[in-house]
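Q: A predicted structure for the sequence below; I have some questions about it.
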Protein chains: 2
Amino acid sequence: MSLPHAILTALLERPSSGLELTRRFDRSIGYFWSATHQQIYRELGRLEESGYIRALAPEQPARGRKKEYEVLPAGREELTGWVAGREDPKPVRDPLLLRMRAAAVVGTDGLPVELRRHLALHESQLAEYRDIEARDFSPGPNPDAAPAASEADRLRHLVLRAGIDLERMWVEWLTEALRESDTAPAGPEGA
Amino acid sequence: MSLPHAILTALLERPSSGLELTRRFDRSIGYFWSATHQQIYRELGRLEESGYIRALAPEQPARGRKKEYEVLPAGREELTGWVAGREDPKPVRDPLLLRMRAAAVVGTDGLPVELRRHLALHESQLAEYRDIEARDFSPGPNPDAAPAASEADRLRHLVLRAGIDLERMWVEWLTEALRESDTAPAGPEGA
DNA sequence: TCTGCCATGTAATATGTTACATGATTGT
DNA sequence: ACAATCATGTAACATATTACATGGCAGA
């Protein structure tokens, strides 16, 4: 039940149309909750029906016309309640780890190539996050002179650092995995 | 498309019935790919129909009777091909990070309690992984004298270390998040 | 007018979750 | 006989993915 709350958060940050939301889900919000435009349009319909959001500048029932949405008080309340609620962390679900486990049974053919590819992807993502951090959360040359970060900025920086920590973890783990597979002779294991 | 391959891997490690698989998906395999018994039974049916697995000790079409499955050569080939294939890492999808982003807009009421709860859960999971590592992959007092780990063991250890690294990352991140929210006064942000 | 892109949407399918149903086996 | 548990399954629903459809608008 996270997608509706992701959309409410995005719309509170800035009222948007479906396509604008889709683009924001390809960047900032999408860094920790991805969604396609089909999901977003469907969910916008539901949220409107529930009275959590409403369309601005109406009188345009046409199909190809832009439709902006804003959050209603009921939507803000719903989101506030969700933030305060309980939700256990989901168990990890990672196809790459599964493939490594499978490789322990049927052999590692083709795996190192894939590990190198993933390493490059994670390094690239890490670099992107670090750029964002330098741009949006740089402390400046004299931290004491800078204004104290707002609570909202502090939270957004924390979320970004989770992304950075995660990517760094994968980069380190993949590097170690490749180092080992270079050292050990990697013959087929599945005989 | 990972669940069928998770099941093929599990069945190659050891032929099992549906319920036995379910239990293994609550432990070892479930640490990086979870599944309920309903998913497993449905997928077992499909895999059998595709000719990837077959039921052992047949002649028992009854409902409550145990049914063991084993992997056929076609199933092993399918799995080998999947291991060698390409599959991009999925973007992160984490409700807790989403909630922190939402909290930046509507306020942090109730969040610290939840962060502490998650911290305890991750610490517990980390401890469990470390127990498994000590039990199954301990180098012993004299590593040089111990037999070299097999390629399969090396891979399984790597997968376990990914789990350990992930949990440790969350423990550290949550600890830092709590330390900051103790320092900074956490007033409602959504005014 | 034609092409390309902006924008919203439908349809079909796949996967995952929750609740419930049925039969078999074992111990009391 | 009964209850508890093992074991396999169905049904309904929710969510996510993929492919396609429709209309508006701007410029060549």
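A: Good, I have the coordinates.

Q: the residue nearest the centre of chain A - nearest residue in space that isn't next to it in sequence?
A: Geometric centre of chain A, nearest residue: residue A:32, 1.7 Å, by Cα atoms, centre = their mean. In space, and not counting its chain neighbours, residue A:32 is closest to residue B:97: 4.1 Å by Cβ to Cβ, 6 or more residues apart in numbering or on different chains. C-betas here are computed from N, CA, C, even on glycine.

Q: equivalent analysis for residue A:8, please.
A: Per Cβ to Cβ, 6+ apart, closest to residue A:8 is residue A:79, 4.6 Å.

Q: state the helix or strand in which the one you found lies.
A: Here residue A:79, judged by DSSP states H and E, is contained in helix A:73-84.

Q: rewinding a little: my read is that the residue nearest to residue A:8 contacts residue A:10, right?
A: No - with contact defined as Cβ atoms under 8 Å, residue A:79 does not count as touching residue A:10 (10.8 Å).

Q: ok, now how distant is the residue nearest to residue A:32 from DNA strand D?
A: 14 Å (Cβ to the nearest atom of the strand, to the nearest Å).

Q: now residue A:94
A: For residue A:94, the distance to DNA strand D - Cβ to the nearest atom of the strand - is 14 Å.

Q: please apply the same query to residue A:87.
A: From residue A:87 to DNA strand D the distance is 12 Å (Cβ to the nearest atom of the strand).

Q: in this structure that residue contacts residue B:97, no?
A: No - when contacts are counted by Cβ under 8 Å, residue A:87 is not listed as touching residue B:97 (11.8 Å).

Q: just give me the neighbour total for residue A:158.
A: 21 (other Cβ atoms under 10 Å in any protein chain shown).

Q: neighbours of the residue nearest to residue A:32, just the number please.
A: So residue B:97, with other Cβ under 10 Å, has 20 neighbours.

Q: who touches it in this structure?
A: When contacts are counted by Cβ atoms under 8 Å, 6 or more residues apart in numbering or on different chains, residue B:97 touches A:32-33, A:159, A:162-163.

Q: residue ranges with poor pLDDT in chain A?
A: A:57-64, A:140-141, A:143-144, A:146-148, A:184-191 (pLDDT under 70).

Q: domain parsing for it?
A: When chain A is parsed with the TED database, its domains come out as A:2-83, A:95-140+A:147-183.

Q: nearest to DNA strand C, of the ones you listed?
A: domain A:2-83 (3.3 Å; Cβ to the nearest atom of the strand).

Q: now the end-to-end length of the closest one.
A: Domain A:2-83 has an end-to-end distance of 11 Å (criterion: Cα to Cα, to the nearest Å).

Q: centre of the chain to it, how far?
A: Distance, stretch centre to chain centre, for domain A:2-83: 16 Å (Cα atoms, centre = their mean, to the nearest Å).

Q: on that earlier part again, wait, doesn't the residue nearest to the centre of chain A sit right on residue B:101?
A: Yes - using Cβ under 8 Å, residue A:32 is in contact with residue B:101, at 7.4 Å.

Q: quick check: neighbours shared by these two?
A: With Cβ under 8 Å, 6+ apart, residue A:32 and residue B:101 have common neighbours residue A:159.

Q: dump the residue contacts of the residue nearest to the centre of chain A.
A: A:159, A:162-163, B:91-94, B:97-98, B:101.

Q: let's go with 10 Å and repeat that
A: A:2, A:6, A:159-160, A:162-163, A:166, B:91-98, B:100-101 (Cβ atoms under 10 Å, 6 or more residues apart in numbering or on different chains).
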